[in-house]
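> Fold the stuff below for me.
(one chain, ligands or ions: 2)
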Amino acid sequence: MQHVDILLINIGQLLTMESLGPRAGKEMQKLPMIEDGLVAISKGKIAYIGTSDSRNDFKADIIIDCEGKLVTPGLVDPHTHVVFGGSREHEMTLKQQGIPYLDILKQGGGILSTVTKTRDVSKEDLYKKARFHLDRMLSHGVTTIEAKSGYGLDRQTELKQLKVAKQLNETHSIDLVSTFLGAHAIPKEYKEEPEAFLQEMLAILGQIKTEELAEFVDIFTETGVFTVEQSRKYLAEAKALGFDLKIHADEIDPLGGTELACELCAVTADHLVGASDEGIKRLAESGTIAVLLPGTTFYLGKDTFARARKMIDEGVIVALATDFNPGSCPTENLQLIMSFAALKLKMTPEEIWNAVTINAAHAINRGDVAGQLVIGRQADLVIWDVPNYQYLPYHYGVNHANTVIKRGEIVSKRSNHPDS
Ligand SMILES: O=C(O)CC1=NCN=C1
Ligand SMILES: [Zn+2]
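Numbers count the residues shown, from 1 in each chain. Ligands and ions are numbered 1, 2, ... in the order given. So this is what the prediction gives:
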C-alpha cells in the first residue's frame with residue numbers, strides 16, 4: 001500500500017494528453033484518454049496514473065471522488081497581455097459605430113491609451129491588477145500562461161511590466177513565461193521615426209537578457225505599425241541576442257507576417273486571420289506553431305476567422321489562446337475560446353483539447369513541464385463539472401472548472417454556493 005498526498009478516484013474520462021512533442025495536423029485528432037481513471041499525487045508530482053482497479057494500492061491524506069467527471073491537465077494560455085494599466089470600455093462605443101481598430105490606434109487611442117495608463121500606474125498597483133486577472137484565469141482552469149509587455153514603449157515602463165510578470169511568476173500559483181513586446185506600437189514621441197524607436201527597444205534587450213526578464217521577443221507586424229521589413233530586421237537582431245521569437249502576424253491586414261515567422265523559425269506566429277495559402281504551407285513545413293485567437297476576431301466584429309481547418313488539414317501545429325488584453329479581447333476565459341474554436345474555427349473537440357494543452361505548452365517552450373499528465377511531472381490538473389471532453393466546448397460562456405490543482409496543491413475550488 002503506497003501513501004500519497006492526494007488520490008483522485010472515479011474519473012469518468014482522464015485526458016492525459018501524453019505526447020513526445022506538439023501534435024500537428026491530423027495528429028491533433030488523437031486524444032490519449034483513460035476511462036474510469038485514477039491519479040495519485042505525491043510531493044507536488046504525479047505519482048501514478050491508472051484506473052480504479054489500482055484504487056486499493058494507495059492510501060491518501062486527501063481522496064477526491066470525481067463522481068465520473070472529466071479530468072485534464074491544467075490549461076495553458078500561450079498568448080496574453082495580462083500586465084496593463086487601466087481599461088478601454090470607452091472604445092466600445094467607437095467599435096459599435098464601426099470605427100476600425102487600426103483607426104482608433106491611428107487617432108492615438110487603442111494600445112496608446114493603455115500605454116498612457118501603464119506608464120502612470122505604480123509597479124505595486126500594476127502587480128495587484130495583474131494578480132487579480134491571474135486569480136480569475138486560475139479559477140478557470142489555467143495553470144500556465146505567457147505574459148507580454150508592450151504597454152510601456154519606453155525602457156522604464158517596459159521593464160516595469162516585465163518585472164511585475166517575473167514577480168508574479170515567483171509569487172502566484174500560475175507559471176508565467178514572459179515575452180518582450182516593446183515593438184507593440186509607435187509611441188507619439190517617435191511618431192515619425194519608427195526605425196529609431198525600434199533601435200530604442202533593441203537597446204533594452206541586453207538588460208532583459210541579463211536579468212532574465214523575458215524568453216521571447218514579439219512584434220506587431222501590421223498596417224500603420226511595423227512593416228514586414230522592419231520586423232525582419234528587428235527580430236533577426238533579437239534572435240542573434242538569444243531570444244526565441246513570436247510575431248503578431250496577419251491579424252487584420254495580410255502583410256505576410258506568417259511567411260516572415262517561418263523564415264525566421266519563430267516558435268509561434270499568432271492571429272493569422274489573413275494568412276495566405278503560401279503562409280499556411282510554410283507553417284506546415286517549418287513547424288512554427290500557429291497560435292489562433294478567435295476571441296479577438298469575435299470581439300473586433302470580424303466575419304472572417306483564421307483558416308484553422310485548412311491549417312490542420314495541411315499539417316500545421318495549432319494552439320489556441322485568449323489574447324487577453326484591454327482593447328481587442330478583454331476576457332480571461334480560455335474555455336470561451338474553446339467554444340469559439342468549435343463554433344467559428346470548426347475545430348473538433350479532440351483538436352481543441354490538444355490546442356489548449358500540449359500544443360499551447362510547446363508554443364511557450366514548456367512542453368517539458370506543462371500540457372500533459374505524466375508520472376514524475378508537476379501535478380497541474382483540473383476536475384471539470386462536465387461528463388465528457390466533448391461537453392466543454394459545447395456549453396459556452398460559463399466556468400466549468402470545479403477544482404484546480406497546481407503542483408499538487410488544491411488552489412481553486414468552485415464554491416458550494418447553489419448559484420455558483
Ligand atoms: O489592442 C491591444 O491592446 C492588444 C493588441 N495588440 C495587437 N492587437 C491587439
Ligand atoms: Zn496579442
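> how about the residue of the chain found nearest ligand 1, what does it touch?
Residue of the chain nearest ligand 1, by C-beta to the nearest ligand atom: Gly327 (3.2 Å). Heads up, the C-betas are built off the backbone N, CA and C, glycines and all. If you count contacts by C-beta atoms under 8 Å, 6 or more residues apart in numbering, Gly327 has them with Arg88, Glu91, Tyr101, Gly110, Ile111, Thr114.
> Could you tell me how far His362 is located from Gln372?
As judged by C-beta to C-beta, to the nearest Å, His362 and Gln372 stand 10 Å apart.
> Phe105 in helix, strand or coil?
No Phe there; residue 105 is Leu. helix (DSSP: H, G, I helix; E, B strand; the rest coil).
> What sits closest to it if chain neighbours are left out?
Ile111 (5.9 Å; C-beta to C-beta, 6 or more residues apart in numbering).
> State the pLDDT value of that neighbour.
Ile111 is assigned a pLDDT of 97 by the prediction.
> Enumerate every residue touching it.
Leu105, Gly150, Tyr151, His184, Ala185, Gly327.
> rerun that using 7 Å as the cut-off
Ile111 makes contacts with Leu105, His184, Ala185, Gly327, as judged by C-beta atoms under 7 Å, 6 or more residues apart in numbering.
> repeat for Ser412
Ser412 neighbours (C-beta under 7 Å, 6+ apart): Leu138, Ser139, Ala401, Val404.
> go again using 10 Å as the cut-off
Applying C-beta atoms under 10 Å, 6 or more residues apart in numbering to Ser412 gives the contacts 135-141, 143, 173, 382, 401-406.
> Same question for Ser276.
Applying C-beta under 10 Å, 6+ apart, the residues near Ser276 are Asp250, Pro254, Gly256, Thr258, Glu259, Arg282, Arg307.
> Over to Ile247?
183, 217-221, 226, 228, 231, 235, 257-258, 260-262, 264, 266-272, 288, 291.
> Filter those residues down to the ones in strands?
Using DSSP state E to define strands, the subset of the contacts of Ile247 located there is Ala183, Val217, Asp218, Ile219, Phe220, Thr221, Thr268, Ala269, Asp270, His271, Val291.
> Pick out whichever of the residues you listed sits closest to Glu278.
Among those, Ala269 lies closest to Glu278 (C-beta to C-beta), at 13.0 Å.
> how far away is that closest one from Ala319?
Ala269 is 11 Å from Ala319, by C-beta to C-beta.
> Residues in contact with both of the two, list them for me.
Shared between the contact lists of Ala269 and Ala319 (criterion: C-beta under 10 Å, 6+ apart) are residues Ile289, Ala290, Val291, Leu292.
> Close to ligand 1: what parts of the stretch 201-350 of the chain are there?
Phe220, His248, Glu251, Asn325, Pro326, Gly327, Ser328 (C-beta under 6 Å from any ligand atom).
> Can you report how many residues lie near the first one?
Read it as Phe220. For Phe220, the neighbour count with other C-beta atoms under 10 Å is 23.
> Next, the closest residue to it other than its chain neighbours: phi, psi?
Excluding the flanking residues, the one nearest Phe220 by C-beta to C-beta, 6+ apart is His248, at 4.4 Å. Main-chain dihedrals, His248, degrees, to the nearest 10: phi -80, psi 100.
> Which residue of Ala269 and Ala319 possesses the greater neighbour count?
Neighbour count, other C-beta under 10 Å: between Ala269 and Ala319, Ala269 has more, with 31 against 28.
> distance of that one from Gly287?
Separation of Ala269 from Gly287 (C-beta to C-beta) stands at 11 Å.
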